[in-house]
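Novice: mind folding the following:
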Amino acid sequence: MKRFVKVLSLMLATFLAVSVFSVNSYAMSAEGEAHRRQLTTEEIKTIYPMFNAKEYAKMYPDVKNELGEDEKALYTHFVTFGIWEQRQPSVAFNVDVFASFNYDLQAAYGDDIVAYYTHFATHAGEYPVMPTKYNALRQGRMIYSVYDFVKGQTGPKKGAVPVQTVNYHPGIELND
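Specialist: Below you'll find the predicted structure:
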């Protein structure tokens, strides 16, 4: 009986360790989960041209390891989970940068992440600078999470912490 309890305890400890400390491509922050909703067919079609499967797989090896390199599977992941996790559809678009650069859209869309995607997808030609973290750094701009904006308000909500500044820019290598 003692041996059975030990084995059972070990199995339970292993299960808890794996489930608590593992992060896979389907794990989502509480903030992302709070904003998550089903996209409409129109939104899915509108956003699709912004998606680059090869770049997405390269940027997110956890997703590639789970799903491989199939474009349909990767895009399905993006519209089901990736958008809400603030994963980017390609190297040419960063939703946080786009939201941070466009004060008029902050007031109109607030933290509606899909609205920023669909707006850019339908108005991309109107923006001379690609909304990337590198371009934001070159311009010396602070970048906030799209979830830090409030409808009807310009600028991030009080107490928001930038996700990128001139002195803090994770994932960007400077070549001096």
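
Novice: these two touch, right, Val163 and Tyr144?
Specialist: Yes. Between Val163 and Tyr144 there is a contact at 6.4 Å, judged by CB atoms under 8 Å. The way it works is simple: take the backbone N, C-alpha and C, and place the C-beta from them, glycine included.

Novice: need the overlap of contacts for those two.
Specialist: Residues touching both Val163 and Tyr144 by CB atoms under 8 Å, 6 or more residues apart in numbering: Asp96.

Novice: against Ala108, how distant is Gln170?
Specialist: Let me fix one detail, which is that residue 170 is Pro and not Gln. Distance, Pro170 to Ala108, by CB to CB, to the nearest Å: 29 Å.

Novice: wait, I meant Ala73
Specialist: Between Ala73 and Ala108 the computed distance is 33 Å (CB to CB).

Novice: ok so, going back, who's more crowded, Pro170 and Ala108?
Specialist: Ala108 (15 against 7; other CB atoms under 10 Å).

Novice: next, the residue positioned nearest the centre of the chain: secondary structure please.
Specialist: Nearest to the mean C-alpha position of the chain, by CA atoms, centre = their mean, lies Gln86 at 1.1 Å. Recorded secondary structure, Gln86: coil (DSSP: H, G, I helix; E, B strand; the rest coil).

Novice: quick one: contacts for it?
Specialist: 32, 95-96, 113, 145-147.

Novice: cutoff 10 Å now
Specialist: The contact partners of Gln86, taken as CB atoms under 10 Å, 6 or more residues apart in numbering, are 29, 31-32, 35, 94-96, 113, 145-147, 163.

Novice: would you map the strands across this structure?
Specialist: Remark: no strands are assigned in the chain by DSSP state E.

Novice: which stretches of it form helices?
Specialist: For the chain, helices defined by DSSP state H occupy the ranges 2-21, 30-35, 41-47, 53-59, 61-67, 71-77, 95-101, 103-109, 113-123, 133-138.

Novice: what residues sit buried inside the third one?
Specialist: Using 16 or more other CB atoms under 10 Å as the burial criterion, the residues of helix 41-47 that qualify are 43-44, 46-47.

Novice: and what of the last one?
Specialist: Buried positions in helix 133-138, judged by neighbour count with 16+ other CB under 10 Å: 133-134, 136-137.

Novice: show the pLDDT at Lys6.
Specialist: Lys6 is assigned a pLDDT of 51 by the prediction.

Novice: pretty sure Ser29 is in contact with Trp84, am I right?
Specialist: Yes. In terms of CB atoms under 10 Å, Ser29 counts as a neighbour of Trp84; the distance is 8.3 Å.

Novice: who's more crowded, the two?
Specialist: Trp84 (21 against 12).

Novice: ok, now how distant is that one from Lys45?
Specialist: For Trp84 relative to Lys45 (CB to CB), the value is 19 Å.

Novice: cool, thanks, talk later.
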